[in-house]
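[1] Okay, predicted coordinates and the sequence, questions at the end:
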Amino acid sequence: MRIKPPTRGPLFPDRGPLLPRLARRIGGISAEVLAFILVTILLVPAILVMSVVDLVLWLKSKKPPTGVRLALMAWWFLFGEMQALIGLLLIWIFTGGPFGVGSLRRTRGLYALRIHWAASHLGGFRVLFGLDFQVEDIELANPGPMIMMMRHASIIDNTLPDALVGRTNGIGLRFVIKKELQALPTIDIGGRWAPTVFIRRASDDPEAELTDLRSLTQGLGDGEAVLIYPEGTRPTPAKLKRAQEVIAERQPEIAPMAERLNHILPPRLGGPIGLIDESPTTDVVLCGHTGFDGLRSIGDIWGGALVGQTIRVRFWRFPAEEIPKTEEERTVWLYEKWQMLDDWVGEQLL
């Protein structure tokens, strides 16, 4: 799929001090390159060792073999990172180097590279772990402009937006993502070349972050969408209970709606409502998925839960004219859609 032409949106340079930024990026790139070299050198011995470990654990407890899969996935992931770093360098060179900052050619190149990067990482999991993808109504995530809201369930589902929507529909995504992902130099660098807002948990300046977030809708074109994870973090039963308790204390008027959720966390209202407020003529697309639930760490994958999983993904689209106009009504509307998603997730998990 050819990437649709992007439009000019806001770019957010890293506002941190220069030396820590350079140290983070040089350190991140160096760590990935060194890890790739070491994993490549040790891959064959690692496969042999993990084959024995897998066999022993299977004989002992019928645990699905995951050691060899994880060793190969580690190499494939790092190989994809090396490709992406080279791709970023080539895009930078062929779009004017330091003179190409903010150019649409650079943004389009970054969108294309990111789609390849996400599809490659997700494809590795699909092949190595025998995943079956069942995707419904992805055509609803086209055309833009859109505000796309996706549930967040695991360390893997960050690849879904680009790997599915970007690759299938040629849509460039403007992301709202957590600041911790800057640890990956590909995201740290690439996130400055396309409209991307890095959100810090427990931020000391949430209003500034919300202002940046709302501006992501500026100039949003037919080939673009803003992607946000309204839950803000991966759910666990403890997190869901705690979120419902906090809402009951601080926002009792919406507590009954939050209490009805059983599988996904209540949406953090500032981001989603802020985007809708800033662009009231833009459709909202909701994306739900199951199959990655409970995979919050490499340890969870090691346990075998991912092997042979069926990943179900579904999209819903809501025209802008159907979305209420006041903040109170929009909050109720968003919770109604979130309850619909929670019910769908529950049906798939039966």
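    That came in fine, so what should we check first? Here the structure is a predicted model, which is why all the values come from computation and not from measurement.
[2] hey, let's count contacts and neighbours off CA atoms from now on
    OK.
[3] mind listing what's buried in the helix or strand hosting Glu81?
    Glu81 belongs to helix 67-94 when assigned by DSSP states H and E. The neighbour-count check on helix 67-94 (16 or more other Cα atoms under 10 Å) flags 67-85, 87-88, 91-92 as buried.
[4] now the strands for the stretch 101-250 of the chain?
    Along the stretch 101-250 of the chain, the segments classed as strands by DSSP state E, counting those that start in this stretch run 132-136, 146-150, 172-178, 196-199, 224-228.
[5] Endpoint to endpoint, stretch 174-183 covers what distance?
    19 Å (Cα to Cα, to the nearest Å).
[6] Low-confidence regions, the stretch 151-300 of the chain specifically.
    Within the stretch 151-300 of the chain, the segments meeting pLDDT under 70 span 202-204.
[7] for it, what spans make up the helices?
    Under the criterion DSSP state H, counting those that start in this stretch, the stretch 151-300 of the chain contains helices at 160, 167-169, 185-190, 206-214, 237-250, 255-259, 270-278, 298-302.
[8] contacts for the next helix or strand after the last one?
    Using DSSP H and E, the helix or strand that follows helix 298-302 in sequence is strand 310-318. Where contact means Cα atoms under 8 Å, 6 or more residues apart in numbering, the residues beyond strand 310-318 that reach it are 131-138, 140-141, 283-292, 348.
[9] The helix holding Glu81 - what's its average pLDDT?
    In this model, helix 67-94 has an average pLDDT of 97.
[10] elements contacting it?
    helix 18-61, helix 104-129, helix 185-190 (3 or more Cα pairs under 8 Å, 6 or more residues apart in numbering; DSSP states H and E).
[11] Hey, what's the angle from it to helix 104-129? Just curious.
    Here the directions of helix 67-94 and helix 104-129 differ by 170 degrees (axes from the mean of the first three to the mean of the last three Cα atoms, to 10 degrees).
[12] Give me the distance from helix 67-94 to the chain's centre.
    17 Å (Cα atoms, centre = their mean, to the nearest Å).
[13] what does stretch 25-41 give?
    That offset, for stretch 25-41, works out to 23 Å (Cα atoms, centre = their mean).
[14] From Trp338, how far out is the closest residue to Thr282 other than its chain neighbours?
    Using Cα to Cα, 6 or more residues apart in numbering and skipping the chain neighbours, the partner closest in space to Thr282 is Ala320 (5.3 Å). According to Cα to Cα, Ala320 and Trp338 sit 17 Å apart.
[15] more crowded one of these two?
    Trp338 (24 against 17; other Cα atoms under 10 Å).
[16] The more buried one in helix, strand or coil?
    Of the three states, Trp338 takes helix under DSSP: H, G, I helix; E, B strand; the rest coil.
[17] dump the residue contacts of it.
    266-267.
[18] Swap in 10 Å and give it another go.
    149, 151, 230, 257-258, 261, 264-267, 286, 288, 332, 344 (Cα atoms under 10 Å, 6 or more residues apart in numbering).
[19] Also Val33?
    So Val33 contacts 27, 39, 78-79, 81-82, 85 (Cα under 10 Å, 6+ apart).
[20] go with 6 Å
    If you count contacts by Cα atoms under 6 Å, 6 or more residues apart in numbering, Val33 has none.
[21] Quick check, central residue of this structure?
    Nearest to the mean C-alpha position of the chain, counting by Cα atoms, centre = their mean, stands Asn158 at 2.6 Å.
[22] Name the nearest residue to that residue, sequence neighbours excluded.
    Nearest residue to Asn158, sequence neighbours excluded (Cα to Cα, 6+ apart): His152, at 7.8 Å.
[23] what about that neighbour, how many residues close to it?
    25.
[24] for stretch 289-299, how far is the first residue from the last?
    OK, stretch 289-299 end separation, Cα to Cα: 21 Å.
[25] still on that earlier bit, make JSON lines from the contacts of Trp338 and add distance to Glu249 and neighbour count to it.
    As requested, the contacts of Trp338 are arranged in JSON lines below (distance: Cα to Cα, whole Å; neighbours: other Cα atoms under 10 Å):
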{"residue": "Met149", "distance to Glu249": "26", "neighbour count": "22"}
{"residue": "Arg151", "distance to Glu249": "24", "neighbour count": "27"}
{"residue": "Pro230", "distance to Glu249": "20", "neighbour count": "22"}
{"residue": "Met257", "distance to Glu249": "14", "neighbour count": "17"}
{"residue": "Ala258", "distance to Glu249": "12", "neighbour count": "24"}
{"residue": "Leu261", "distance to Glu249": "17", "neighbour count": "21"}
{"residue": "Ile264", "distance to Glu249": "19", "neighbour count": "24"}
{"residue": "Leu265", "distance to Glu249": "16", "neighbour count": "27"}
{"residue": "Pro266", "distance to Glu249": "14", "neighbour count": "26"}
{"residue": "Pro267", "distance to Glu249": "16", "neighbour count": "21"}
{"residue": "Leu286", "distance to Glu249": "28", "neighbour count": "21"}
{"residue": "Gly288", "distance to Glu249": "28", "neighbour count": "20"}
{"residue": "Val332", "distance to Glu249": "18", "neighbour count": "14"}
{"residue": "Trp344", "distance to Glu249": "28", "neighbour count": "16"}
